[in-house]
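Engineer: Below are the sequence and a predicted model for it; my questions follow.
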Amino acid sequence: MNQFSQSGGLHWDATYEIVLSLCEVHPDIDIDSIGLEQLYQYIVALPNFTDDPRLANEGILNEILREWYEEVNP
């Protein structure tokens with residue numbers, strides 16, 4: 001069971017679920033042009049994101065960005 005289904009909201013460690021939500025909310029975004037600060041803003045603005053925004057770090061954001069890129073560029 002993932003973080004989303006356990007708690008009813010997204011947490012930082014549910015990176016793939018965050019990516020799926022980002023794909024839904026921002027389907028036409030050019031991922032190559034997104035910086036970590038912009039990515040952070042997109043994530044904390046997701047309607048189902050419920051984790052503490054202060055827990056984000058560069059490693060988590062880079063992982064999410066990498067997974068997002070792989071999701072839209074198979």
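Structural biologist: Nice, I can see it. Numbers count the residues shown, from 1 in each chain.

Engineer: which other residues reach stretch 14-22?
Structural biologist: 2-4, 10, 12, 29, 42-43, 46, 48-49, 60, 63-64, 67-68, 71 (CB atoms under 8 Å, 6 or more residues apart in numbering). Every C-beta, even on glycine, is put in place using the N, C-alpha and C of the backbone.

Engineer: In it, which residues are buried?
Structural biologist: 14-15, 17-22 (16 or more other CB atoms under 10 Å).

Engineer: For the contacts of stretch 14-22, which ChimeraX command selects only the ones that are buried?
Structural biologist: Paste this into ChimeraX to select the buried members of the contacts of stretch 14-22, with burial taken from 16+ other CB under 10 Å:
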select :3,4,10,12,29,42,43,46,49,60,63,64,67,68
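
Engineer: ranges for the helices of the chain?
Structural biologist: For the chain, helices defined by DSSP state H occupy the ranges 3-7, 15-25, 36-44, 58-72.

Engineer: worst average pLDDT in those helices?
Structural biologist: Sorting the helices of the chain by mean pLDDT places helix 3-7 lowest, at a mean of 43.

Engineer: Okay, the residue positioned nearest the centre of the chain and residue 44: tell me how far apart.
Structural biologist: Centroid-nearest residue in the chain, with CA atoms, centre = their mean: residue 18, separated by 3.6 Å. With distances taken as CB to CB, to the nearest Å, residue 18 is found 10 Å from residue 44.

Engineer: Only C-alpha atoms, please: export stretch 24-44 in PDB.
Structural biologist: Listed next in PDB are the C-alpha coordinates belonging to stretch 24-44 (Å, rounded to 0.1, in the frame of the first residue of the first chain):
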ATOM      1  CA  GLU A  24      -2.600  15.300 -14.500                       C
ATOM      2  CA  VAL A  25      -2.400  18.900 -13.300                       C
ATOM      3  CA  HIS A  26       0.300  20.100 -15.800                       C
ATOM      4  CA  PRO A  27      -0.100  17.800 -18.900                       C
ATOM      5  CA  ASP A  28       1.600  20.200 -21.300                       C
ATOM      6  CA  ILE A  29       4.500  21.400 -19.200                       C
ATOM      7  CA  ASP A  30       8.100  21.400 -20.700                       C
ATOM      8  CA  ILE A  31       9.800  19.400 -18.000                       C
ATOM      9  CA  ASP A  32      13.300  20.400 -19.300                       C
ATOM     10  CA  SER A  33      12.500  24.100 -18.400                       C
ATOM     11  CA  ILE A  34      11.500  23.400 -14.700                       C
ATOM     12  CA  GLY A  35      13.800  24.300 -11.900                       C
ATOM     13  CA  LEU A  36      13.600  22.800  -8.400                       C
ATOM     14  CA  GLU A  37      11.900  25.800  -6.900                       C
ATOM     15  CA  GLN A  38       9.200  25.800  -9.500                       C
ATOM     16  CA  LEU A  39       8.800  22.000  -9.100                       C
ATOM     17  CA  TYR A  40       8.500  22.600  -5.300                       C
ATOM     18  CA  GLN A  41       5.700  25.200  -5.900                       C
ATOM     19  CA  TYR A  42       3.900  22.800  -8.200                       C
ATOM     20  CA  ILE A  43       4.000  20.000  -5.700                       C
ATOM     21  CA  VAL A  44       2.900  21.900  -2.600                       C
END
